[in-house]
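> Next one to model:
(3 chains)
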Amino acid sequence: MTPVLDLAGIFVFALSGALEGVRKRFDAVGIAVLAFFTAVGGGIVRDLFIGVQPAALRDTAYLLVPIAAAVIAFFWHRQVERAMPGVLVFDAAGLGLFCAVGTSKALYYGLAPMHAVFLGVCTAVGGGVLRDVLSGEKPTLLYDRELYAVPAMLGSTMMAVLYALDVRGFTATLSSAVVAFAFRILAMRYRWRAPLAWGLGGRE
Amino acid sequence: MTPVLDLAGIFVFALSGALEGVRKRFDAVGIAVLAFFTAVGGGIVRDLFIGVQPAALRDTAYLLVPIAAAVIAFFWHRQVERAMPGVLVFDAAGLGLFCAVGTSKALYYGLAPMHAVFLGVCTAVGGGVLRDVLSGEKPTLLYDRELYAVPAMLGSTMMAVLYALDVRGFTATLSSAVVAFAFRILAMRYRWRAPLAWGLGGRE
Amino acid sequence: MTPVLDLAGIFVFALSGALEGVRKRFDAVGIAVLAFFTAVGGGIVRDLFIGVQPAALRDTAYLLVPIAAAVIAFFWHRQVERAMPGVLVFDAAGLGLFCAVGTSKALYYGLAPMHAVFLGVCTAVGGGVLRDVLSGEKPTLLYDRELYAVPAMLGSTMMAVLYALDVRGFTATLSSAVVAFAFRILAMRYRWRAPLAWGLGGRE
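Modelled structure (predicted):
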């Protein structure tokens, strides 16, 4: 079950990367590169930090799914752009799943809970940061005040707590992912904002 | 034989990185950093992804050759700039060699052919992407529509095919490198272009 | 003794990263991310290049200290900005300590002296480069002509020489750090400048 969800998450992230490439008038190579690193960049960072070979290099699906997303964005970007509000829901699902899977992998390899949470968040948001750096942009994660890392932190923390309580496997992954997903959807719906530094007038 | 070619490729890549530093009025430190990471950045990424210590940190030549290139660019950048059309030929040779060597190293460490091809391309083009990111630029690889990653993909694929057919060693490396090199030269000569996304008016 | 100094260095680097985030009007997430990667990014790069799990992922202090610095910068950035000339002295101390510790770790893992010096410099300056790349800026290290990498290179070289002479442990670390620190302070005091490429009018 999780592998299918995992690949669905990768597909949606890849689509968002590929669309960014189309918007910036990148060529076919640029679109494919952005699709790949947006989708699996967070997992690659996680695995390098854990000290294992990146999963993206052990499973051809991690290469083929981003390429498929790049091809779709290449030909049908207008249709995909129009479906974007729907894509955001899938993106939130990917966010939830990736933070849960990332945390659980780090815990499995013996990292302390706090570091596992950190790596769970890296898994979920790292690809988007890489996408922005490769596009020559400031990472939107760092300044746009949307709650994106915060839901991931919540889901990752829940995963670490469940793991400590010996709740593992599919139940733990799914419930943590759902918590992050729900929080992300609420944050979008009610436009919750991350604060600017004190005194910079960030509270409208 | 290959080590000499390898260092020649590193020298040319380092030169292109150092020149970029001179053009951007970077100081001596910046010129040296760009020379180093342009030359060996692709190989470092490949080795981190494979899970071995980067070759650049096991052989002092990989440090000394980029420094030599930086020194040359520092003092004689005008002469090197003037020789640039010639340098592009060497750059194409480096591209060919790096994709072949990178693919073969990944295959040697047991990666699947498709991932080995991916890492071969990373070896060949990763340094240039790092150079652009460190210069504060969008990576030209992603948008300039020159065929640069495509010849590397061709050479890497050929290397993987030869490997599967049990043709290995110098013969395989050289013939794959030559294919990538020749395709790159043809692409420059006839101004072949990578397409933009469908409907963005990329076909002049 | 060294662990305390090490955490002090991390705190100061994290503070400089967090302040950069405040200046750029990043949100709370961005400020924390910049604090973390500025503080431990250089060490992470060093450890990935050595081939060991990054120390930042084995010790919760490496996560908590940057978070503490981010919180301080979030609420009291004005006060910290005003104290900046003082912070620069601490930053120079961090630079000295990091290059010494980084070189010594690389030597301990059997790298050649020249590569150990390279990794010592990476440890000291890598966080600042990551901070700038994540902020969407050209790395100041590469063009601002301040002597920042050069003192680190000096301290790292001294560490490698002492190691070869069998002077190790706290004495070696401290004296190498002091040399880099003193050189950095002198460079700031007398405005020593790294040269631009020959003929670019860099010598006022």
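> And the average pLDDT for stretch A:39-48 is what?
With pLDDT averaged residue by residue, stretch A:39-48 scores 96.
> so how far is it from its chain's centroid?
Here stretch A:39-48 is found 10 Å from its chain centre; the criterion is C-alpha atoms, centre = their mean, to the nearest Å.
> For that stretch, which outside residues touch it?
A:10-11, A:13-14, A:17, A:37, A:53-56, A:62, A:65-66, A:69, A:98, A:102, A:105-106, A:119, A:122-131, B:48-49, C:48 (C-beta atoms under 8 Å, 6 or more residues apart in numbering or on different chains). Glycine gets a C-beta too; all of them are placed from N, C-alpha and C.
> If you count neighbours, what's buried in that stretch?
Along stretch A:39-48, the positions that meet the burial threshold by neighbour count (16 or more other C-beta atoms under 10 Å in any protein chain shown) are A:39, A:40, A:41, A:42, A:43, A:44, A:45, A:46, A:47, A:48.
> Which strands and helices lie in contact with whichever helix in chain A runs longest?
Among the elements of chain A assigned as helix by DSSP state H, the one spanning the most residues is helix A:84-108. Using 3 or more C-beta pairs under 8 Å, 6 or more residues apart in numbering or on different chains; DSSP states H and E as the contact criterion, the elements in contact with helix A:84-108 are helix A:2-23, helix A:28-50, helix A:113-134, helix A:149-164, helix A:169-189.
> near chain C, which residues of chain A?
A:48-51, A:111-112, A:114-115, A:118-119, A:129, A:133, A:136-139, A:141-145, A:148-150, A:193-200, A:202 (C-beta under 8 Å from any C-beta of the partner chain).
> Quick check on those residues: which are buried?
Among the residues of chain A next to chain C, those that count as buried by neighbour count (16+ other C-beta under 10 Å) are A:48-51, A:111-112, A:115, A:118-119, A:129, A:133, A:136, A:138-139, A:141-143, A:145, A:148-150, A:193-194, A:196-197.
> Contact partners for the residue nearest the centre of chain A?
Taking C-alpha atoms, centre = their mean as the criterion, residue A:124 is the residue nearest the geometric centre of chain A, at 3.2 Å. Residue A:124 makes contact with A:42, A:94, A:95, A:96, A:98, A:99, A:102, A:149, A:152, A:155, A:156, A:180, according to C-beta under 8 Å, 6+ apart.
> now do 10 Å
Applying C-beta atoms under 10 Å, 6 or more residues apart in numbering or on different chains, we find residue A:124 in contact with A:9, A:13, A:42-43, A:46, A:94-103, A:148-149, A:151-153, A:155-156, A:177, A:180, A:184.
> Help me confirm that residue A:25 is found in a helix?
No - in this structure, residue A:25 is coil, not part of a helix, as judged by DSSP: H, G, I helix; E, B strand; the rest coil.
> That one is in contact with residue B:197, isn't it?
Yes - look at residue A:25 against residue B:197 with C-beta atoms under 10 Å: they come within range, at 7.9 Å.
> what touches both of the two?
The overlap between the contact sets of residue A:25 and residue B:197 (C-beta under 10 Å, 6+ apart) consists of residue A:31.
> I believe residue A:77 is in a helix; please confirm or correct that.
Yes - when the secondary structure is assigned by three-state DSSP, residue A:77 falls within a helix.
> For residue A:141, see how far away the residue nearest to it when sequence neighbours are not counted is.
Excluding its sequence neighbours, the residue lying closest to residue A:77 (C-beta to C-beta, 6 or more residues apart in numbering or on different chains) is residue A:22, at 4.4 Å. Computed as C-beta to C-beta, to the nearest Å, the residue A:22 to residue A:141 distance reads 21 Å.
> Check residue A:175 too.
Plainly put, residue A:175 is 25 Å away from residue A:141 if you go by C-beta to C-beta.
> Can you give me every residue that contacts residue A:122?
A:41-46, A:48-49, A:98-99, A:102-103, A:106, A:129, A:149, A:152, A:156.
> so what's it scoring on pLDDT?
The model's pLDDT for residue A:122 equals 97.
> What ranges in chain A fall below the confidence cut-off?
A:1-2, A:202-204 (pLDDT under 70).
> Go ahead and confirm residue A:57 touches residue B:112.
Yes - in this structure, residue A:57 sits in contact with residue B:112. The criterion is C-beta under 10 Å, and the distance is 8.4 Å.
> Closest one of the buried residues of stretch A:39-48 to chain C?
The closest of the buried residues of stretch A:39-48 to chain C turns out to be residue A:48 (C-beta to the nearest C-beta; 6.1 Å).
> Just to check, the residue nearest to residue A:77 is in contact with residue A:79?
No - assessed by C-beta under 10 Å, residue A:22 is found out of contact with residue A:79, at 11.8 Å.
> And those two? Which one has more around it.
For residue A:22 and residue A:79, the more surrounded residue by other C-beta atoms under 10 Å in any protein chain shown is residue A:22, and the numbers stand at 23 against 10.
> residues contacting the closest residue in space to residue A:180 that isn't next to it in sequence?
Across the structure, with C-beta to C-beta, 6+ apart as the measure, the residue nearest residue A:180 apart from its sequence neighbours is residue A:155 (2.8 Å). Shown here is residue A:155, whose contacts under the criterion C-beta under 10 Å, 6+ apart are A:95-100, A:102-103, A:117, A:120-121, A:124, A:173, A:175-184.
> And stretch A:71-81, what's buried?
So for stretch A:71-81, counting by 16+ other C-beta under 10 Å, buried means A:72, A:73, A:74, A:77, A:80.
> what's in contact with it?
Outside of stretch A:71-81, the residues that reach it under the criterion C-beta under 10 Å, 6+ apart are A:11, A:14-23, A:27-28, A:31-32, A:34-35, A:69, A:82-83, A:86-87, B:195-200.
> Tell me the buried residues within these.
Among the contacts of stretch A:71-81, those classed as buried by neighbour count (16+ other C-beta under 10 Å) are A:11, A:14-22, A:27-28, A:31-32, A:34-35, A:69, A:87, B:196-197.
> Return the set of buried residues in stretch A:85-92.
A:87, A:90, A:91, A:92.
> and these as a markdown table, adding distance to residue C:169?
Putting those into a markdown table (distance: C-beta to C-beta, whole Å) gives the following:
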| residue | distance to residue C:169 |
| --- | --- |
| A:87 | 57 |
| A:90 | 55 |
| A:91 | 51 |
| A:92 | 52 |
